[in-house]
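S.K.: Can you look at this prediction? I've put the sequence above it.
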Amino acid sequence: MIELLPEAMVGKGLHRECYIHPNNPNRCIKVVVNRGVEETKREQAYYRLLQKRDIDWDMLPQFYGVEATTLGPGATFDLVRDHDGEVGHTFEYYFDSIALSEQYYQGLLQALQELKSYLFSQNIITMSIKPKNIIYQKVDIHSGKAIIIDNIGNSDVIPICTYNRFFGQKKINRKWQKFRALLKRDYVNNPAVQRLVEQL
Ligand SMILES: Nc1ncnc2c1ncn2[C@@H]1O[C@H](COP(=O)(O)OP(=O)(O)O)[C@@H](O)[C@H]1O
Ligand SMILES: [Mg+2]
């Protein structure tokens, strides 16, 4: 059984805690702490589908399966690290600071533009897209990649968008426009984010 210690925690969302995997510094392990079992099942089912489709994992951590931990079943994924080895920070972290948003403006913008084309080209369906669920992985001091770490998949009763590319693209576009609207609204006091959204 894998022992998860408090000092290994790298982040916490509404449902899950995320820990550095004790046996592999480049993987993380996520345990449900608060009513997230349904979401986790949906996520894993969607991951299996993407694995079968043999997609390109450029902007999505790979999923390696579930292992028993001291905090219950843990789902193992790639851990996103920056070029200097630090665990990557979310877009929320960068956008919460005007200084950081300005400093990394080009990299943040380009990473999100590339994420957008990635989602369309691989037909990856998401629930709502939020800055706290995307990590900006610094590749060097000027540039980086946007990695989606949460809320992928489809909760529709009849998930036609998952299987049909035409409907999939329409859904991805709706989700992306909602993401833009959310950034505009939530970062009304951050001029860098306001400029950035216009180019997405
Ligand atoms: N693959 C990852 N690499 C680095 N940090 C991560 C990764 N996955 C999650 N995190 C961190 O853990 C936090 C919670 O994970 P998340 O999957 O979003 O949980 P929840 O489902 O509860 O929202 C994230 O906001 C992020 O800070
Ligand atoms: Mg989350």
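M.R.: Yep, that arrived. Ligands and ions are numbered 1, 2, ... in the order given.

S.K.: Model confidence score at Ala99, please.
M.R.: Note for Ala99: predicted pLDDT of 98.

S.K.: Give me the contact list for the helix or strand harbouring it.
M.R.: Using DSSP states H and E, Ala99 falls within helix 98-103. Here helix 98-103 makes contact (CB atoms under 8 Å, 6 or more residues apart in numbering) with 93-95, 108, 189-193, 196. Backbone N, C-alpha and C define where each C-beta goes, glycine included.

S.K.: one more time with 7 Å, if that's ok
M.R.: Applying CB atoms under 7 Å, 6 or more residues apart in numbering, the contact partners of helix 98-103 are 94-95, 108, 190, 192-193.

S.K.: Please apply the same query to stretch 54-74.
M.R.: Here stretch 54-74 has contacts from 1-4, 27, 29-32, 44, 47, 75-78, 80, 115, 118, 122, 124, 145-149, using CB under 7 Å, 6+ apart.

S.K.: ok, is that stretch in contact with ligand 2 or not?
M.R.: No. Using CB under 5 Å from the ion, stretch 54-74 never reaches ligand 2; the gap is at least 12.7 Å.

S.K.: got the buried residues for that stretch?
M.R.: 59-61, 63, 69, 71, 74 (16 or more other CB atoms under 10 Å).

S.K.: Could you dump those into JSON lines with pLDDT and secondary structure added?
M.R.: Listed next are those as JSON lines, based on pLDDT from 0 to 100; DSSP: H, G, I helix; E, B strand; the rest coil:
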{"residue": "Met59", "pLDDT": "98", "secondary structure": "coil"}
{"residue": "Leu60", "pLDDT": "98", "secondary structure": "coil"}
{"residue": "Pro61", "pLDDT": "98", "secondary structure": "coil"}
{"residue": "Phe63", "pLDDT": "97", "secondary structure": "strand"}
{"residue": "Thr69", "pLDDT": "98", "secondary structure": "strand"}
{"residue": "Leu71", "pLDDT": "97", "secondary structure": "coil"}
{"residue": "Gly74", "pLDDT": "97", "secondary structure": "strand"}
